[in-house]
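# Show me how the following folds:
(one chain, ligands or ions: 4)
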Amino acid sequence: MIRRTAPSFLALLLMASPSPAETARDLSARIHVDGFASEWTAGERLFGLNAGLNLPEEATDDSKWGPNNDINQIRVTWDAHNLYIAGEGKTWGNNMVLFIDAIPGRGMYTMSGLNSWSRNFTFDISDVAVGREFMPDLFPATWDGNSTPHLIIHQSGTQVSDQLVGGGLFLAAASFFQDQDGRAMEAAIPWSTVFANDADTRDTVVTIGGVRDTLRWFPPGRRLKIAGVITAGGDNTGGPDSAPDNTRGHTTDGNAFVYLDNYAEIELDLRRELPGSPDSTSDGIADWGIEPKTRVSFKYPPPIVGVRFALADLALSRPAFAPDRGEKVGFRFRLDPPLDPDRPLDALRTVDLTANVFDLRGRWVRNLYIADRRYGLTPLDPLWDVWDGRDESGHPVPPGVYVLRVVIEPNLSRITRPVVVVR
Ligand SMILES: [Ca+2]
Ligand SMILES: [Ca+2]
Ligand SMILES: [Ca+2]
Ligand SMILES: [Ca+2]
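Ligands and ions are numbered 1, 2, ... in the order given. Alright, predicted model coming up:
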């Protein structure tokens, strides 16, 4: 027999304070899949404030196509049966896609060439050996004005199955409309769909708290990796914004390839729901009673603010040289600000350099290289940072004074030095 006792003063206090939004056995009474994320809470956001930089982890105005095509926020929560995900922002005339990587070592390495939703996005699989790859297994996706997002599930290679609402595999709704504020894409995706292609998971009948249920069990300690993007609508197009920021950024070019190497990682399973093991033991069921935001980390902590380099100290290996005698002139320069080799993000930064030669009247003589991509930490390349005193058609130039120019593209920081050609 259960004896009911009056709640203690402390219990009354706890009941009176607003409860934080937590994952629970059943969230279906709180999360409404209607395309508006107003019922979601701050504890379900992937992106908060980067305290060190005092900047939002994902900005509402960092899209290359402006604030009407910007992903602002992604929210994630879950219960015993569903993963819930919401993407907020604007996608006027374009698409929003939320990538979910749920199965380690399996998934897409590119969207390019997919049999449905082919886009110029590739994923970073270089760290697969240490489990830091990003290979999405499924993604809800929608377009401006559409109310019923699709769920695209990776099968193998570039083959995906493009699922529609009503097929029983998921619920979803979206409300994006041009420049309207407060719109979102929301989806409730059963764990059995999330892990549809994961042979290490299985439906299992369990009794928890006296209630029998069929849950999708996964190997204990699983994590999800998540990133969202705005894409253009056409096949093989790119996009202007990703969340979390990727390290190489985006361009305004709607056809350019986008390299997605960053993600939010969410610990699903640090304690037990199943009876019979210590509380601190992961058990293969996504945890109930936690705030998802407390479980979020990033491969590269956002925001990833671009460095605007300037060129400094262009130095020549010799002030004058004689091409007729087979001499060449090498050059070296320095990037400002300098990068820090101990910062992982700095090791990834690149700079596009162009070097060319003009005569003293400003007439073009020779391109040494154009938009050559170099790592910011090691921008010099002695093999290429050289002029042999020849013009573009390979003929030695007449003796005289020439101008060597190095330019950073596209911000056009430039530096020049005179070079003397002698016989
Ligand atoms: Ca909603
Ligand atoms: Ca954004
Ligand atoms: Ca962004
Ligand atoms: Ca658990």
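# Could you tell me how far the longest strand anywhere in the chain lies from the centre of the chain?
Secondary structure assigned by DSSP state E gives strand 364-375 as the longest strand of the chain. Distance of strand 364-375 from the chain centroid (CA atoms, centre = their mean, to the nearest Å) equals 29 Å.
# Tell me where the model's unsure across this protein.
1-20, 411 (pLDDT under 70).
# To what extent is residue 337 buried, counted in neighbours?
Neighbourhood size, residue 337 [other CB atoms under 10 Å]: 11. The way it works is simple: take the backbone N, C-alpha and C, and place the C-beta from them, glycine included.
# coming back round to it: which elements pack onto the longest strand of the chain?
strand 350-359, strand 386-387 (3 or more CB pairs under 8 Å, 6 or more residues apart in numbering; DSSP states H and E).
# and the ones you listed as a markdown table, adding distance to residue 49 and mean neighbour count?
A markdown table is the format used below for the helices and strands packed on strand 364-375 (distance: least, CB to CB, whole Å; neighbours: other CB atoms under 10 Å):
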| stretch | distance to residue 49 | mean neighbour count |
| --- | --- | --- |
| strand 350-359 | 28 | 18 |
| strand 386-387 | 48 | 18 |
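# which ones are touching residue 61?
Residues in contact with residue 61 (CB atoms under 8 Å, 6 or more residues apart in numbering) are 67, 70.
# do that again at 10 Å, thanks
67, 70, 72, 241 (CB atoms under 10 Å, 6 or more residues apart in numbering).
# What's the local residue count around the first one?
When counting by other CB under 10 Å, one arrives at 16 neighbours for residue 67.
# What strand or helix carries it?
Assigned by DSSP states H and E, residue 67 belongs to no helix or strand.
# circling back: who wins on neighbours among the contacts of residue 61?
Most neighbours among these, by other CB under 10 Å: residue 241, with 30 neighbours.
# what's the closest non-adjacent residue to residue 92?
Spatial nearest neighbour of residue 92, excluding adjacent residues (CB to CB, 6 or more residues apart in numbering): residue 68 at 4.2 Å.
# rewinding a little: just the closest of the contacts of residue 61 to ligand 3, please.
Closest approach between those and ligand 3, by CB to the ion: residue 241, at 4.8 Å.
# Can you get me a residue count around the residue lying closest to the closest one once chain neighbours are set aside?
Nearest non-adjacent residue to residue 241, counting by CB to CB, 6+ apart: residue 63, 3.8 Å away. For residue 63, the count of nearby residues is 23 (other CB under 10 Å).
# Tell me which residues touch residue 63, please.
69-72, 89-91, 230, 239-242, 250, 252.
# Restricted to strands, list those residues.
The members of these that map onto strands under DSSP E are 69, 70, 71, 72, 89, 90, 91, 230, 241, 242.
# sorry, back to before: biggest separation within the contacts of residue 63, which pair?
For the contacts of residue 63, the farthest-apart pair by CB to CB is 72 and 252; their separation is 19.4 Å.
# which stretches of the stretch 1-150 of the chain form helices?
Taking DSSP state H, counting those that start in this stretch to define them, one finds helices in the stretch 1-150 of the chain at 9-16.
# Ligand 1 contacts on that one?
Neighbours of ligand 1 within the stretch 1-150 of the chain, by CB under 5 Å from the ion: 32, 34, 36.
# need the residues you listed in JSON lines with distance to residue 346 and neighbour count, can you?
Formatted as JSON lines, those follow (distance: CB to CB, whole Å; neighbours: other CB atoms under 10 Å):
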{"residue": "32", "distance to residue 346": "44", "neighbour count": "15"}
{"residue": "34", "distance to residue 346": "43", "neighbour count": "15"}
{"residue": "36", "distance to residue 346": "40", "neighbour count": "17"}
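# And these, which is closest to ligand 4?
Of these, the one sitting nearest to ligand 4 (CB to the ion) turns out to be residue 32, at 25.4 Å.
# neighbours around residue 315, how many?
Neighbours of residue 315 (other CB under 10 Å): 10.
# again, but for the one 4 residues further on
By other CB under 10 Å, the residues close to residue 319 number 10.
# Distance check, it against ligand 1.
69 Å (CB to the ion, to the nearest Å).
# and if you look at residue 387?
Noted for residue 387: a distance of 62 Å to ligand 1, by CB to the ion.
# secondary structure element for residue 278?
For residue 278, there is no enclosing helix or strand under DSSP H and E.
# three-state assignment of residue 347?
helix (DSSP: H, G, I helix; E, B strand; the rest coil).
# So what's the residue count around the nearest residue to it once chain neighbours are set aside?
Nearest residue to residue 347 in three dimensions, chain neighbours excluded: residue 377, at 6.0 Å (CB to CB, 6+ apart). When neighbours are counted by other CB under 10 Å, residue 377 registers 17.
# Report the contact partners of the residue nearest to residue 92.
Contacts of residue 68 by CB under 10 Å, 6+ apart are 89, 90, 91, 92, 93, 94, 144, 178, 179, 180, 230.
# And for the residue in the stretch 51-200 of the chain that ligand 1 sits nearest to, the neighbour number?
Proximity of the stretch 51-200 of the chain to ligand 1 (CB to the ion) peaks at residue 186, 5.0 Å away. Residue 186: 28 surrounding residues under other CB under 10 Å.
# Would you confirm that it contacts residue 86?
Yes: between residue 186 and residue 86 there is a contact at 4.6 Å, judged by CB atoms under 10 Å.
# Spit out the residues that contact these two alike.
When contacts are counted by CB under 10 Å, 6+ apart, residue 186 and residue 86 have 31, 33, 35, 36, 37, 39, 40, 75, 98, 140, 173, 174 as shared neighbours.
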